[in-house]
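Asks: have a look at this fold, sequence not included:
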């Protein structure tokens with residue numbers, strides 16, 4: 001949709017266009033092969049994942065979000081994981097199962113509530129997180145490099161405004 005037709009579009013049409021653009025951006029940024037540095041980092045990531053592709057369980061965005069969530073916290077509950085990565089508790093369980101099976105995370109009993117299970121990242125999981133961050137930074141940097149510094153600031157401000165509005 002061009003700039004002129006966006007101004008004349010209904011609120012629904014603008015929302016639909018926005019969703020399509022965001023979806024395309026996320027899909028292309030996480031699935032296409034990027035520069036050599038990101039590709040090399042992807043090879044290192046697969047080495048640490050012992051050749052097991054998490055793509056059958058979770059997409060790249062979910063993988064990174066989960067990885068980042070357990071990296072930032074000492075341990076998280078399954079409910080917190082489900083909320084953080086925007087998936088059902090059953091899907092969160094499958095994601096955690098994959099991480100535990102591959103030695104990237106471990107399940108721990110909660111010290112104060114025996115009904116809760118906590119998930120903690122392992123040292124190998126920390127290495128995987130650092131590689132995933134490198135890949136994300138390279139890919140996002142590649143996209144942002146197409147914008148001049150002022151446009152990058154505007155995009156960040158608009159995203160912050162949208163996020164703030166969605167939290168209120």
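Replies: Good, I have the coordinates. All of these numbers come straight from a predicted model, not from anything done at the bench. Residues are numbered from 1 along each chain as shown.

Asks: what ranges do the strands span in this structure?
Replies: Along the chain, counting by DSSP state E, strands occupy 76-77, 105-109, 117-121.

Asks: adding mean neighbour count, write those out as TSV.
Replies: Bear in mind the C-beta positions are built from the backbone N, C-alpha and C, glycine included. What follows is the strands of the chain, written out as TSV (neighbours: other C-beta atoms under 10 Å):
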stretch	mean neighbour count
strand 76-77	18
strand 105-109	16
strand 117-121	20
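
Asks: mean pLDDT and distance to residue 9 added to the ones you listed, as a markdown table?
Replies: Below are the strands of the chain laid out as a markdown table (pLDDT from 0 to 100; distance: least, C-beta to C-beta, whole Å):
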| stretch | mean pLDDT | distance to residue 9 |
| --- | --- | --- |
| strand 76-77 | 92 | 41 |
| strand 105-109 | 94 | 45 |
| strand 117-121 | 94 | 44 |
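
Asks: with residue 41 as the reference, name the closest of those.
Replies: Set against residue 41 and scored by C-beta to C-beta, those come closest in strand 117-121, at 18.7 Å.

Asks: could you list the single helix or strand in this structure with the lowest mean pLDDT?
Replies: Lowest by mean pLDDT, DSSP states H and E among the helices and strands of the chain is helix 3-8, with a mean of 61.

Asks: quick revisit: same list, the strands of the chain, but as TSV with distance to residue 16 please.
Replies: TSV is the format used below for the strands of the chain (distance: least, C-beta to C-beta, whole Å):
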stretch	distance to residue 16
strand 76-77	34
strand 105-109	37
strand 117-121	37
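
Asks: tell me which of these approaches residue 136 most closely.
Replies: strand 117-121 (16.7 Å).

Asks: that closest one: partners in the sheet, and parallel or antiparallel?
Replies: Paired strands of strand 117-121, with direction, are strand 76-77 (antiparallel), strand 105-109 (antiparallel) (DSSP bridges).

Asks: closest to residue 155 out of those?
Replies: strand 76-77 (29.9 Å).

Asks: which residues does the closest one contact?
Replies: Strand 76-77 has contacts (C-beta atoms under 8 Å, 6 or more residues apart in numbering) with 69-70, 84, 110, 116-119.
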